[in-house]
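Asks: after the sequence you'll find the predicted model.
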Amino acid sequence: AARAWRAPAFRSLAAAADDGAGARVGLSDELEARANARWDELAAKHREIPADDAVRRKRLVYRSKQRGWLEVDLLLGTWASEHVAGLTKAECDAYEDILNCETIDIFNFITGKDPLPPRLDTDIMTRLQDYCAASPLGVRPVDYAAAKEKDNLT
């Protein structure tokens with residue numbers, strides 16, 4: 001014998017279904033409101049970005065290593081790994097201003113191909129430029145790949 005199709009009970013915080021006999025399936029309005037309020041609170045905490053100093057420094061190092069352009073990954077990544085831990089808060093701000101630029105612009109600024117905009121003409125940029133000038137990474141892609149592997153920047 002064929003069984004008649006029956007819609008499954010729908011249980012969610014957003015809906016209370018009627019099973020045909022007048023009984024509600026789901027949460028009471030009061031419990032649903034409490035659950036939704038708690039969900040909103042937890043979701044807001046989950047989306048917060050920690051503002052402590054250690055997390056910020058880790059984020060700066062990560063952003064330095066993951067630019068998407070091998071040469072810049074190597075230059076910024078190795079510099080950041082060596083120096084970000086010792087930067088002051090103001091220096092971290094200046095370095096973050098640099099990281100907020102497009103990757104091609106950063107490369108052109110630190111290699112001296114383009115003039116620096118006044119907002120980036122800082123001590124940190126000078127240190128980056130000096131590091132770039134003193135740290136040749138080779139001219140062949142194989143050399144860049146080997147340096148990235150050596151410095152664990154993959």
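Replies: That came through, no problem. Residues are numbered from 1 along each chain as shown.
Asks: scan the chain for its longest helix.
Replies: Secondary structure of the chain per DSSP state H: the longest helix is helix 29-47.
Asks: buried ones in that one, by neighbour count?
Replies: Residues of helix 29-47 classed as buried by neighbour count (16 or more other CB atoms under 10 Å): Glu32. Where you see a C-beta, it was placed from the backbone N, CA and C, and this is true even at glycine.
Asks: what is the subsequent helix or strand relative to that helix?
Replies: Sequence order places helix 53-65 as the next helix or strand after helix 29-47, per DSSP states H and E.
Asks: ok, residues contacting that following helix?
Replies: 49, 73, 76-77, 79-81, 84-85, 87, 89, 92, 95-96, 99, 153 (CB atoms under 8 Å, 6 or more residues apart in numbering).
Asks: and if you look at stretch 93-101?
Replies: 60, 63-64, 76, 80, 84, 87, 106, 109, 119-120, 122-125, 128.
Asks: how about the helices in the protein?
Replies: Going by DSSP H, the chain shows helices at 29-47, 53-65, 70-83, 89-99, 103-110, 123-134, 141-150.
Asks: could I get those as TSV with mean pLDDT?
Replies: TSV is the format used below for these (pLDDT from 0 to 100):
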stretch	mean pLDDT
helix 29-47	84
helix 53-65	92
helix 70-83	90
helix 89-99	94
helix 103-110	92
helix 123-134	92
helix 141-150	69
